[in-house]
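A.B. asks: coords please:
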Amino acid sequence: MEEATHPLPRRLSALFVVAAIAVLSTAACEHRPSRPGVLADGSPAPRLRVDLRGVSAAVIPTRVHVVRVSEIRRGSRAAACLRGFARDVDARGSVVERIGVDGESVTLRDPAGVTACDGTGASVRWCGSSFGRLYGGRLRDPRLDLGACLHPGVSIAFAWVDPDPATRYVAVVQPGYVEVYEAAGGLPVRVTTRDVRPDSSGAAFHFTEHDVRGRLLRRVQLVAAPAG
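C.D. replies: Residues are numbered from 1 along each chain as shown. Okay, the predicted model is just below:
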């Protein structure tokens, strides 16, 4: 014998529909990217001193430190870079250390161009490096570094942004927030993205540039492939 079924009263049916929608909405919120509170090294994200025009998402400033080559301290990120991937580099002038949400980097310059050490804050600090030759003081390509650097199982891509001379802040679009890098040391700005192609053949960087007062200077979509 088949068990008889009885339709629910219309009002009760509506309540079940509302409840189902509420459950789905809660699940969606739980999987929505959240605003990170700390950077790759575990330190709290700093505050940005200005409002960036044209940026409506939550803003996460990265940390930057500039040091002269002659003043590099033992045990610093710059020292670790010079002992590792950049051990053959004749570094001159200023060195820029950066710490972001997913990655950290060191950028230094020698007579031939610029070199970067890239890492993700893991126990093995540096997972990649890049060299870029300068032409008239500018880079001709962003020198993409990807594939070797992972952050909780996600590929992280690194690239240089050669900003406009008037640019003070580079704001890179990330999942659920905007990551802000301050131009420093007169060197290209090393940024990261999780927007990596599945086959690791390239990565996309969507960013805006802003002046010292936060005014929007330009919007850029950079699609980069590994240099070869």
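A.B. asks: Run through this protein and note the low-pLDDT ranges.
C.D. replies: For the chain, the stretches with pLDDT under 70 are 1-35, 122-124, 147, 228.
A.B. asks: Tell me which residue lies nearest the centroid of it.
C.D. replies: Centroid-nearest residue in the chain, with C-alpha atoms, centre = their mean: Thr192, separated by 3.1 Å.
A.B. asks: List the contacts of that one.
C.D. replies: With contact taken as C-beta atoms under 8 Å, 6 or more residues apart in numbering, Thr192 is in contact with 100-103, 156-158, 172, 179. Every residue, glycine included, has its C-beta placed from N, CA and C.
A.B. asks: Could you double-check that Arg197 sits in contact with Ala225?
C.D. replies: No: Arg197 is beyond contact range of Ala225, at 9.1 Å (criterion: C-beta atoms under 8 Å).
A.B. asks: Against Trp126, how distant is the residue nearest to the residue nearest to the centre of the chain when sequence neighbours are not counted?
C.D. replies: Closest residue in space to Thr192, ignoring its immediate chain neighbours: Gly103 at 4.3 Å, by C-beta to C-beta, 6 or more residues apart in numbering. Distance of Gly103 to Trp126, computed by C-beta to C-beta, to the nearest Å: 11 Å.
A.B. asks: Look up phi and psi at the residue nearest to Thr192.
C.D. replies: Main-chain torsions, Gly103, degrees, to the nearest 10: phi -140, psi 170.
A.B. asks: Same question for the one 5 residues further on.
C.D. replies: Dihedral angles phi and psi of Leu108 (degrees, to the nearest 10) take the values phi -140, psi 160.
A.B. asks: picking up where we left off before, and which of the contacts of Thr192 is nearest Ala57?
C.D. replies: Within those, proximity to Ala57 (C-beta to C-beta) peaks at Glu179, which comes in at 9.9 Å.
A.B. asks: Mind listing the strands the strand or helix carrying that closest one pairs with, and their directions?
C.D. replies: Following DSSP states H and E, one finds Glu179 within strand 177-182. Take DSSP bridges as the rule and strand 177-182 pairs in its sheet with strand 59-61 (parallel), strand 169-174 (antiparallel).
A.B. asks: Tell me which residues are up against it.
C.D. replies: Residues outside strand 177-182 that contact it (C-beta under 8 Å, 6+ apart) are 33, 35-36, 48, 52, 55, 57-62, 64, 98, 100-101, 161, 168-172, 189-192.
A.B. asks: In the beta-sheet assignment, what are the partners of Asp196?
C.D. replies: Small correction: residue 196 is Val, not Asp. Per DSSP bridges, the residues bridged to Val196 are Ala203.
A.B. asks: Leu162 touches Leu187, doesn't it?
C.D. replies: Quick fix: residue 162 reads Asp, not Leu. No: using C-beta under 8 Å, Asp162 makes no contact with Leu187, being 9.4 Å away.
A.B. asks: of the two, who's got more company?
C.D. replies: Between Asp162 and Leu187, counting by other C-beta atoms under 10 Å, Leu187 is the more crowded of the two (20 against 17).
A.B. asks: Can you pull the phi/psi pair for that one?
C.D. replies: Note on Leu187: backbone dihedrals following degrees, to the nearest 10 are phi -110, psi 160.
A.B. asks: Contact partners for it?
C.D. replies: Contacts of Leu187 by C-beta under 8 Å, 6+ apart are 94, 96, 107-109, 114.
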